[in-house]
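Visitor: Sequence unavailable; structure follows:
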C-alpha cells in the first residue's frame, strides 16, 4: 500500500464525521467540539477543508460508549 493511500485511510473529512454523528451543519459540530474538550480536534492541512484523524475519532467514540455504560 502506498503512502498516499495510508494518509487517506487515516483521516476523514468533516462531512463524514457529521454524517456519522447525525449532525446537519458544521456549526452544530463546532458546538459539540467546544462543549466536549475530549472530542477529536479538527485540522486543516490546506485551504478551507476540515479533516479529523480517524483513530482519534474512533477512540473518542469508544470512550463515549464506555461512559454510557
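Guide: Yep, that arrived. Quick caveat, the model's predicted, so the values are computed rather than measured.
Visitor: Every contact and neighbour count from this point should use C-alpha atoms.
Guide: OK.
Visitor: Nearest residue to residue 41 in space, please, no chain neighbours.
Guide: Nearest residue to residue 41, sequence neighbours excluded (CA to CA, 6 or more residues apart in numbering): residue 52, at 6.7 Å.
Visitor: and if you look at residue 60?
Guide: Leaving out its chain neighbours, the residue that sits closest to residue 60 by CA to CA, 6+ apart is residue 39, at 6.1 Å.
Visitor: The one you found touches residue 62, doesn't it?
Guide: No - look at residue 39 against residue 62 with CA atoms under 8 Å: they stay out of range, at 11.2 Å.
Visitor: The two - which one has more neighbours?
Guide: Set residue 39 next to residue 62 and count neighbours by other CA atoms under 10 Å: residue 39 wins out with 17 against 12.
Visitor: show me what contacts that one?
Guide: Contacts for residue 39 were tallied using CA atoms under 8 Å, 6 or more residues apart in numbering; they are 33, 57, 60.
Visitor: SS state for the residue nearest to residue 60?
Guide: The three-state label given to residue 39 by DSSP: H, G, I helix; E, B strand; the rest coil is coil.
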